[in-house]
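Undergrad: Here is my input; please provide its structure:
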Amino acid sequence: KFLPQMVAMVVPFRASMWCHHLILCLLAPAVAQKIFDGRYTIMNAVNGRRISSSSSGFRATSRTAPITEEHLWQIVPQDNQSHIIVNAANGARILAQSSSQYNQGFFAMSQGPIYQDQKWRLQLQEDGSFILRNLKSGRRIMASGDEKTRSDFGAIPPDGPIDRMQTWWLINQDKDEAARLRIELQDVVEQLNASASSARDLEEALRAEEAARFSLVREAHGKDVEMGRLGRELDAQRLLLTEAEEQLEGMYRYLWAVSLSSASLVLLAMRCRRPKALPELCSEASEDLLIGQGLGVDFGFRVLDSLGSHETLRLVKIQCPGVEHRDVEVELLFNGCQLTIQRRASHGVEAATWTKRFEFPVQDGLFEFKEDQMRLEHGYLHLVFRAYAFQSRVVRFPKHFALAETDADQWWDYPEGDDTELKAPVNERTESTASTSAKA
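TA: Modelled structure (predicted):
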């Protein structure tokens, strides 16, 4: 049982290459005649895939799949130093037809007589694995990749090259533990290699981290030097800022005095401000909307400014269908009015009471209500205000004459019988009249 393994271990160290091949040739008939008693799993020496025959098909499952009855095979000796490989669960025999290659003509069947293409020669390899070569077609069983990824499982042509994916472990599940231990050892070696690679990567990462740390230390030292320089510059800037604040405080005091002196001028300018002239009113479509929710609904209104030929007018237009003249009441206010409309019910029109206070900001100017231009026509009420500017004037009493005062010129005494008209001097009467008219 262990003779092939011993040969594989001893020959590389103590025999020459020709002696090694000679011993294998001498032992090959003994291996071929070896009785494989028990049930075996046939596992690929590279990827660990196991040959299985079940209701789902003839395939090679992955090494991580659990071992079931469909993975167990009986290796039965035949003539010409060959064997048939029979599934222990369903009796299916593996065959590889001569007229096909790879997965074509490569399957397992459980019925019919045993033909030559169902017989296999088990060729021992140096590591104790076997190459399964068909007696008739010479095709060799191979499995590459993994079952879950892109892979191949079949029988390659006899003239194809031999590689490790064509070698298989024959593991006796009843008593042979050596192959299983070898596989486990290979897994441990792979894990150790992976761990060593990870350790190397970790060492490189630590070196890189140490280099980065050293670079950070140097950078921090440079930052400290830079911070010291910036601190000195900041102290200098603070001194400059203190001086600037003192200058700014003086400017504030100066500006405060200037603002107080110009406050009266600003108020006077606001009083004398006239409404902004707008383009001459040509039609209702050219008017600019200033205030209002728009027309089109009951008691909707618009407030518009227009520039006439000699004066600026502000028009308030209210939509009030079904309203008569007696339903409208306007109460005059400072720079505006309060409008009350009490519409009575009529055919198709409901009764309603609507009150709106129109007060224009003083910033827009002063407006006086023009009663003579208020009109109600076609369901619209028009209220007109005229913009005016306040004019300052001085009012004094006219010149008065007291009868108790004595005339110094004695002109009021005339000789008896004189027909001269009693009247005041011309120059005095003219001055009084002019003064009275000017002061009035």
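Undergrad: can we go C-alpha only for contacts and neighbour counts from here?
TA: OK.
Undergrad: Identify the residue spatially nearest to residue 327, adjacent ones excluded.
TA: Of all residues not flanking residue 327 in the chain, residue 342 sits nearest, at 5.1 Å (Cα to Cα, 6 or more residues apart in numbering).
Undergrad: What pLDDT is listed against that neighbour?
TA: According to the prediction, residue 342 has pLDDT 94.
Undergrad: same question, residue 12
TA: For residue 12, the model assigns a pLDDT of 46.
Undergrad: Kindly report the same for residue 25.
TA: pLDDT, read off for residue 25, is 47.
Undergrad: cool, and residue 181?
TA: Per-residue pLDDT puts residue 181 at 68.
Undergrad: what does residue 46 give?
TA: 86.
Undergrad: again with the one 10 residues further on
TA: Residue 56 is assigned a pLDDT of 83 by the prediction.
Undergrad: And it, how far from residue 70?
TA: 10 Å (Cα to Cα, to the nearest Å).
Undergrad: So these two - more neighbours on which side?
TA: residue 70 (19 against 7; other Cα atoms under 10 Å).
Undergrad: Return the set of buried residues in stretch 57-71.
TA: Going by neighbour count (16 or more other Cα atoms under 10 Å), the buried part of stretch 57-71 is 58-62, 70-71.
Undergrad: Can I get it in PDB? Just the C-alpha atoms.
TA: Extracted in PDB, the C-alpha atoms of stretch 57-71 (Å, rounded to 0.1, in the frame of the first residue of the first chain):
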ATOM      1  CA  GLY A  57     -25.400  14.200 -13.600                       C
ATOM      2  CA  PHE A  58     -21.900  13.100 -13.900                       C
ATOM      3  CA  ARG A  59     -19.600  15.900 -12.700                       C
ATOM      4  CA  ALA A  60     -16.700  16.900 -10.500                       C
ATOM      5  CA  THR A  61     -17.900  18.800  -7.400                       C
ATOM      6  CA  SER A  62     -15.800  21.300  -5.500                       C
ATOM      7  CA  ARG A  63     -13.500  20.400  -2.600                       C
ATOM      8  CA  THR A  64     -15.800  22.100  -0.100                       C
ATOM      9  CA  ALA A  65     -18.900  20.100  -1.000                       C
ATOM     10  CA  PRO A  66     -19.800  17.300   1.500                       C
ATOM     11  CA  ILE A  67     -18.900  13.700   0.600                       C
ATOM     12  CA  THR A  68     -22.000  11.700  -0.100                       C
ATOM     13  CA  GLU A  69     -22.600   8.100  -1.400                       C
ATOM     14  CA  GLU A  70     -22.400   9.500  -5.000                       C
ATOM     15  CA  HIS A  71     -18.700  10.400  -4.400                       C
END
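Undergrad: for that stretch, the distance to its chain's centre please.
TA: Centroid displacement of stretch 57-71 relative to its chain, using Cα atoms, centre = their mean, to the nearest Å, is 50 Å.
Undergrad: what's it in contact with?
TA: 41-42, 47-54, 87-90, 107-108, 143, 146-148, 153 (Cα atoms under 8 Å, 6 or more residues apart in numbering).
Undergrad: going on from the helix or strand containing residue 42, what's the next piece of helix or strand?
TA: Using DSSP states H and E, residue 42 sits in strand 36-44. Per DSSP H and E, strand 36-44 leads on to strand 50-54 as the next helix or strand towards the C-terminus.
Undergrad: quick one: that next one to strand 36-44, angle?
TA: Per axes from the mean of the first three to the mean of the last three Cα atoms, to 10 degrees, the angle that strand 50-54 makes with strand 36-44 is 110 degrees.
Undergrad: Can you give the distance from strand 50-54 to the centre of its chain?
TA: Remark: strand 50-54 is offset 53 Å from the chain centroid, using Cα atoms, centre = their mean.
Undergrad: And for stretch 347-358?
TA: 53 Å.
Undergrad: Please identify the buried residues of that stretch?
TA: Neighbour counts using 16+ other Cα under 10 Å place residue 358 of stretch 347-358 among the buried residues.
Undergrad: circling back to that earlier point, of the contacts of stretch 57-71, buried ones?
TA: Buried among the contacts of stretch 57-71 by 16+ other Cα under 10 Å: 41-42, 47-54, 87-89, 107-108, 143, 146-147, 153.
Undergrad: Quick check: which ranges of the stretch 101-250 of the chain have low pLDDT?
TA: Confidence mapping of the stretch 101-250 of the chain against pLDDT under 70 gives the ranges 146-151, 176-183.
Undergrad: Now do the helices in it.
TA: Secondary structure of the stretch 101-250 of the chain (DSSP state H, counting those that start in this stretch): helices at 178-271.
Undergrad: would you list every one of the helices in the stretch 301-440 of the chain?
TA: 426-439.
Undergrad: Which residue ranges of it form strands?
TA: 301-307, 312-319, 328-333, 336-343, 352-359, 366-369, 375-377, 380-388 (DSSP state E, counting those that start in this stretch).
Undergrad: Just put those in TSV and tack on distance to residue 125.
TA: Shown next, in TSV, are the strands of the stretch 301-440 of the chain (distance: least, Cα to Cα, whole Å):
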stretch	distance to residue 125
strand 301-307	107
strand 312-319	110
strand 328-333	120
strand 336-343	116
strand 352-359	111
strand 366-369	117
strand 375-377	119
strand 380-388	114
